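>>> return a 3D structure for these sequence lines:
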Amino acid sequence: MRKTIILPWTEEWEKSYKKEAKILKAIFKDEIVDIFHIGSTSIPTIGYAKPIIDILIVVKDIEKVDLYNGKMKELGYEPRGENGISGRRYFPKGQDNRTHHVHIYQIGHENIEKHLLFKEYMIKNPDEAKKYGELKMKLAKQFPDHTHQYQKGKESFVNEMVEKSLKWASKNNK
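A predicted model of the protein is given here:
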């Protein structure tokens with residue numbers, strides 16, 4: 001059973017992202033358009049996060065991603081298809097002891113911008129990021145053995161921050 005563990009933010013997460021990004025670029029080679037470190041481990045101002053590196057890969061053709069499932073399995077990733085989000089390919093790594101989540105979208109998918117703007121908004125608005133980090137700590141203590149409850153507990157806050165980030169981006173011509 002997966003546990004919800006929250007740790008203080010560390011620069012090691014950026015190093016882990018860079019190492020994994022290099023490996024993933026070598027796998028997806030010609031399909032890859034761009035790759036980004038997203039999620040809480042990419043936001044120093046958040047203070048706390050689950051020690052799982054979220055990686056966003058933008059590709060030319062989402063259908064071709066499935067051709068790489070075997071190579072991803074060799075690296076310890078579990079191909080999960082869309083996993084509830086249309087137009088995405090999702091690959092968690094580490095089973096009960098997760099280390100990475102790879103989210104892949106075809107260029108132009110609306111979730112690419114949402115992820116990137118959320119990250120930028122949180123970095124530029126450290127008070128909001130701090131609130132998010134504190135919420136994560138509270139929920140992890142409340143639901144240490146129930147990751148789905150933890151996720152559900154932060155859902156409305158994240159949705160609110162996504163909306164704020166979109167308005168902020170629109171206002172700032174991002």
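
>>> name the helices or strands packed onto the helix or strand containing Leu24?
Per DSSP states H and E: Leu24 is located in helix 12-28. Helix 12-28 is packed against strand 32-38, strand 53-59, strand 100-106, with contacts defined by 3 or more CB pairs under 8 Å, 6 or more residues apart in numbering; DSSP states H and E. All C-beta spots, glycine's among them, are computed from the backbone N, C-alpha and C.

>>> can I get those strands in CSV including distance to Asp145, mean pLDDT and mean neighbour count?
What follows is the helices and strands packed on helix 12-28, written out as CSV (distance: least, CB to CB, whole Å; pLDDT from 0 to 100; neighbours: other CB atoms under 10 Å):
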stretch, distance to Asp145, mean pLDDT, mean neighbour count
strand 32-38, 26, 98, 17
strand 53-59, 22, 98, 23
strand 100-106, 20, 98, 22
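
>>> for the ones you listed, give me a markdown table that also has distance to Tyr132.
Converted to a markdown table, the helices and strands packed on helix 12-28 look like this (distance: least, CB to CB, whole Å):
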| stretch | distance to Tyr132 |
| --- | --- |
| strand 32-38 | 14 |
| strand 53-59 | 14 |
| strand 100-106 | 17 |
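
>>> you'd agree Ile32 is up against Asp61?
No - Ile32 lies out of contact with Asp61 (CB atoms under 8 Å); the separation is 10.9 Å.

>>> tell me the bridge partners for the residue nearest to the spatial centre of the chain.
Nearest residue to the geometric centre of the chain (CA atoms, centre = their mean): Asp54, 3.3 Å. With DSSP bridges applied, Asp54 shows beta-bridge pairing to Ile38, His101.

>>> where does the prediction get shaky in this protein?
For the chain, the stretches with pLDDT under 70 are 1, 174.

>>> hmm, try it at 80
1-2, 96, 173-174 (pLDDT under 80).

>>> which one's the longest helix in it?
Identified as the longest helix of the chain according to DSSP state H is helix 147-171.

>>> against which helices or strands is it packed?
Helices and strands touching helix 147-171, by 3+ CB pairs under 8 Å, 6+ apart, are helix 110-124, helix 126-142.

>>> quick one on the thing from earlier: next, the buried residues of the helix holding Leu24.
Going by neighbour count (16 or more other CB atoms under 10 Å), the buried part of helix 12-28 is Trp13, Ser16, Tyr17, Glu20, Ala21, Leu24, Phe28.
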